[in-house]
Structure formats: C-alpha cells, structure tokens
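Trainee: Structure for this input, please:
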Amino acid sequence: VQLQASGGGLVQPGGSLRLSCVASGFTLDDYHIGWFRRTPRNEREGVSCISSIDGSTYYRESVKGRFSISRDNAKNTVYLQMNGLKPEDTAVYSCNAVSPIGINYWGKGTLVTVSS
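Mentor: Now for the predicted structure:
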C-alpha cells in the first residue's frame, strides 16, 4: 500500500504546477483526500480536500480561486492544479487519504518552490 505525491518543482511567481497523488494497493475513490503543505517555517497547513462521498471540495482561503483539486478514478489519482503561484506557496506538499472508517495513509511529499 503506497501513496505518492509528485509534480513539484521550481516555478516563477504567477506560474502553474499540477501535483499528482497516486495510490497503489488501494482504491483512492473510497477515501477522502487532502493536500497539506509544510512551509519553510515548519508549519503544516491544510490546503485542499475532496470528499469520497459527494465530491465536495474545500480550499484554504489563501488559495481559493488559484488552486483546484480533482479526481481521476480511472488512474487512481487525485490532482492539485496550482495556478497563479506566489512565493508564499513555497512548501513541501503531501497528500493524505482517509477512509470513512478512519484508515489513514500519508504519502511522501513533493517540494514546490516559487521564486524568481
């Protein structure tokens, strides 16, 4: 069983990245999926999540209108499309999968650096 985040990199302010969260060994559409980030100040922040029940989504205030979370069940993948990136978005991004009965998986993170 494994969860892996990928797609990070170095991007200029205003640029875009798409992060992927891929599961192996279990089916992601049975799980609520969240994206979190750990900032250079070592603070963990919840960024976005998507429900396994009705597909409803949540975004932290600072990324609303810029980030978008989505699922591709055929690929067992959840994406985080990040547009209009700002230096304050610099962080290690990780994904988390939680089942309705509380089974919890964390994936290794991917580094996003926003800098000119």
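Trainee: can we go C-alpha only for contacts and neighbour counts from here?
Mentor: Will do.
Trainee: Tell me how far residue 1 lies from residue 94.
Mentor: 16 Å (CA to CA, to the nearest Å).
Trainee: between those two, which one's more packed in?
Mentor: Remark: of residue 1 and residue 94, residue 94 carries more neighbours, 25 against 7, as counted by other CA atoms under 10 Å.
Trainee: Now the residue positioned nearest the centre of the chain. Nearest residue, chain neighbours left out?
Mentor: Averaging the C-alpha coordinates of the chain gives a centre point, and the residue nearest to it by CA atoms, centre = their mean is residue 35 (3.2 Å). Among residues not flanking residue 35 along the chain, residue 95 sits closest, at 4.5 Å (CA to CA, 6 or more residues apart in numbering).
Trainee: same thing with residue 103?
Mentor: residue 97 (7.9 Å).
Trainee: hang on, that neighbour in a helix?
Mentor: No: counting by DSSP: H, G, I helix; E, B strand; the rest coil, residue 97 falls outside a helix, being strand.
Trainee: Just confirm it contacts residue 106, I think it does.
Mentor: Yes: checked against CA atoms under 8 Å, the pair residue 97 and residue 106 is within contact range at 6.5 Å.
Trainee: between those two, who's got more neighbours?
Mentor: Per other CA under 10 Å, whichever of residue 97 and residue 106 has more neighbours is residue 97, with 24 against 17.
Trainee: Can you pull the poorly scored residue ranges out of this protein?
Mentor: Applying pLDDT under 70 to the chain picks out no residues at all.
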